[in-house]
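> My questions concern the predicted model and sequence given below.
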Amino acid sequence: MAFLRSLVTHNIGLKVLSLALAVGFWLVLKHDPIALVAVDVPVVFRNVPDDLGMSYEKIPQAQIVLRGPEREVRRLQASDVHAEVDAANGQPGELIYSWTDVRVHRPHDLEVISVGPDKFHITFVTLGKSSRGSIVH
């Protein structure tokens, strides 16, 4: 019996402090529900070959749905989210990119749920060079 009593009372201050911290963290995290947010951002094309340009009526946009703690969702700015496509394999003509080709950069506390649209069309055009070496559009 004395052994159990000493087991419980030994470092009682640290045990109570640990319990209070655990309960405090639980209460804080319990009251931060999960939320969803949709953000529309322009798609940035990286690694476009030097001899190609892009032709489109409007800049392609991606709608990115993110999920995470409501506290983080409320702080989110559109500038915190970036969508990019690696166009290193671009060739002249129309290419169709899928949402799986879009790489999303976002705050680490938020999870990407979906990226839309499912696909988008981009037309690559060959850029000509004049005799002086400047690009002709």
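Ah, there it is.

> mind listing the strands for the protein?
For the chain, applying DSSP state E gives strands covering 34-46, 52-55, 61-69, 82-86, 93-98, 102-105, 111-116, 119-126, 128-129, 135-136.

> what comes up buried for the third one?
So the one you mean is strand 61-69. Using 16 or more other Cβ atoms under 10 Å as the test for burial, strand 61-69 gives Ala62, Ile64, Leu66, Gly68. To be clear about C-beta, it is placed using only N, CA and C from the backbone, and glycine gets the same treatment.

> In contact with the last one, which residues are there?
Under the criterion of Cβ atoms under 8 Å, 6 or more residues apart in numbering, the neighbours of Gly68 are Ile34, Ala35, Pro107, Asp109, Leu110, Glu111.

> Measure how buried Asp50 is and give me the count.
Look at Asp50: counted by other Cβ atoms under 10 Å, it has 7 neighbours.

> Check the gap between it and Leu127 for me.
Distance of Asp50 to Leu127, given as Cβ to Cβ, to the nearest Å: 8 Å.

> can you check Ser79 too?
For Ser79, the distance to Leu127 - Cβ to Cβ - is 30 Å.

> Columns distance to Ala2 and mean pLDDT on top of the strands of the chain, output as CSV?
Shown next, in CSV, are the strands of the chain (distance: least, Cβ to Cβ, whole Å; pLDDT from 0 to 100):
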stretch, distance to Ala2, mean pLDDT
strand 34-46, 48, 93
strand 52-55, 81, 87
strand 61-69, 47, 94
strand 82-86, 64, 94
strand 93-98, 70, 89
strand 102-105, 60, 94
strand 111-116, 52, 93
strand 119-126, 74, 89
strand 128-129, 92, 66
strand 135-136, 89, 44
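
> What about Val48, how many residues nearby?
Val48 has 16 neighbouring residues, counting by other Cβ under 10 Å.
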